[in-house]
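*Asks:* what's the 3D shape of this:
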Amino acid sequence: MVRVSSANAVVASAASVAHLRRPAPSGYGVAMAQSLAQSERQALCNLLEDRGPLAPTLCEGWTTSDLAAHLFVRESRPLASPGILFAPLAPVTQHAMERAKRELGYGGIITRLRSGPPLPLRLIDAQMNAMEYFVHHEDVRRAATGWEPRDDAALDAALWTTLKRGARVMARRMHGAGLELVAPRFGTIVARSQEPRAVVTGRPQELMLLLFGRAGAARLEIDGPEAAQAALASTRLGI
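*Replies:* Predicted structure coming up:
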């Protein structure tokens, strides 16, 4: 796991964050006002500013500084980003993250994230970043005590649409059992059609977190034969 390399540098950048002013939405933010990716991006940037660079996240071993650097490298350093998915290249990605923290500082990274992805990725922002930014927003929200799921019908509806497109891909590594996702008032998605079948019930927000490996931080009901539940528990879900 990537860790903060210099506590002094991070603490110094924390001081600079205290003076940041959140810009009024303009340009890219206005153009993408209806995009789940963009609304979650702005909400996460606000929360990162509020929590500071040393706050915990649900990503094991990562502080908010690490998480912000991860998102920056993923979007803005394409030659270094393959290490996010391929373990042998992880040192390359880690080096790029540490360099971004040194050169831009925590506040600078947040400013770059807030402005949106560079071209040509901006053209596919909605498809590429809706799930990513929602999940990482919750990684920061739910790492603190006293969190509650967001009471946001529009968010649930948007996530349900995204789940219908991506659930089968994210459950593709599950073997020996099937998986059915149930969201009251929204419907059912059969992510894996095998039997026996695990049936997971929850709001779209919670089901999305399940499929990204955050079941321990989600409010879910999991039913079905023990073998199916065991298969689900042992599966590495996600992209």
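*Asks:* Run through the strands of this protein in chain order.
*Replies:* Counting by DSSP state E, the segments of the chain that form strands are 178-183, 187-192, 197-201, 221-223.
*Asks:* Quick one: list the elements packing against the shortest one.
*Replies:* Helices and strands touching strand 221-223, as assessed by 3 or more Cβ pairs under 8 Å, 6 or more residues apart in numbering; DSSP states H and E, comprise strand 197-201, helix 226-233. For glycine as for every other residue, the C-beta is placed from the backbone atoms N, C-alpha and C.
*Asks:* Tell me which of those approaches residue 73 most closely.
*Replies:* Checking the helices and strands packed on strand 221-223 against residue 73 by Cβ to Cβ gives helix 226-233 as the closest, at 30.9 Å.
*Asks:* Mind listing residues that contact that closest one?
*Replies:* For helix 226-233, the surrounding residues in contact (Cβ atoms under 8 Å, 6 or more residues apart in numbering) are 174-179, 196-198, 200, 222-223.
*Asks:* Separate out the buried members of those residues.
*Replies:* Neighbour-count burial (16 or more other Cβ atoms under 10 Å) is assigned, among the contacts of helix 226-233, to 174, 177-179, 197-198, 200.
*Asks:* Could you list the domains of this structure?
*Replies:* Under the assignment automatic domain parsing, the domains of the chain span 7-141, 155-233.
*Asks:* distance between the first one and the chain's centre?
*Replies:* Translated: domain 7-141. Here the centre of domain 7-141 is set off from its chain's centre by 10 Å, with Cα atoms, centre = their mean, to the nearest Å.
*Asks:* Adjust the sequence numbering to begin at 611 for everything that follows.
*Replies:* Noted, 611 is the first residue going forward, which turns the last one into domain 617-751.
*Asks:* what sits against residue 802?
*Replies:* Each residue near residue 802 by Cβ under 8 Å, 6+ apart is listed here: 778, 781, 784, 787-789.
*Asks:* Turn these into TSV, including distance to residue 822.
*Replies:* Compiled in TSV, the contacts of residue 802 are given as follows (distance: Cβ to Cβ, whole Å):
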residue	distance to residue 822
778	15
781	11
784	14
787	19
788	19
789	14
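*Asks:* Just send those residues back as CSV, with pLDDT and distance to residue 769 too.
*Replies:* Formatted as CSV, the contacts of residue 802 follow (pLDDT from 0 to 100; distance: Cβ to Cβ, whole Å):
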residue, pLDDT, distance to residue 769
778, 96, 16
781, 97, 16
784, 96, 20
787, 97, 24
788, 98, 22
789, 98, 17
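*Asks:* Where does pLDDT dip in this protein?
*Replies:* 611-644 (pLDDT under 70).
*Asks:* let's see 90
*Replies:* 611-645, 695, 728-732, 849 (pLDDT under 90).
*Asks:* Point out the other helices and strands that the longest helix along it packs with.
*Replies:* Longest helix in the chain, counting residues (DSSP state H): helix 700-724. Here helix 700-724 is seen to pack against helix 617-627, helix 646-661, helix 674-686 when contacts are counted using 3+ Cβ pairs under 8 Å, 6+ apart.
*Asks:* For residue 758, find the nearest of the ones you listed.
*Replies:* Among the helices and strands packed on helix 700-724, the nearest to residue 758 by Cβ to Cβ is helix 646-661 (14.5 Å).
*Asks:* list the buried ones in the closest one?
*Replies:* Neighbour counts over helix 646-661 (16+ other Cβ under 10 Å) mark 646-655, 657-659, 661 as buried.
*Asks:* Show me what stretch 730-737 is in contact with.
*Replies:* By Cβ under 8 Å, 6+ apart, the list of residues contacting stretch 730-737 reads 638, 642, 645-648, 685, 726-727, 738.
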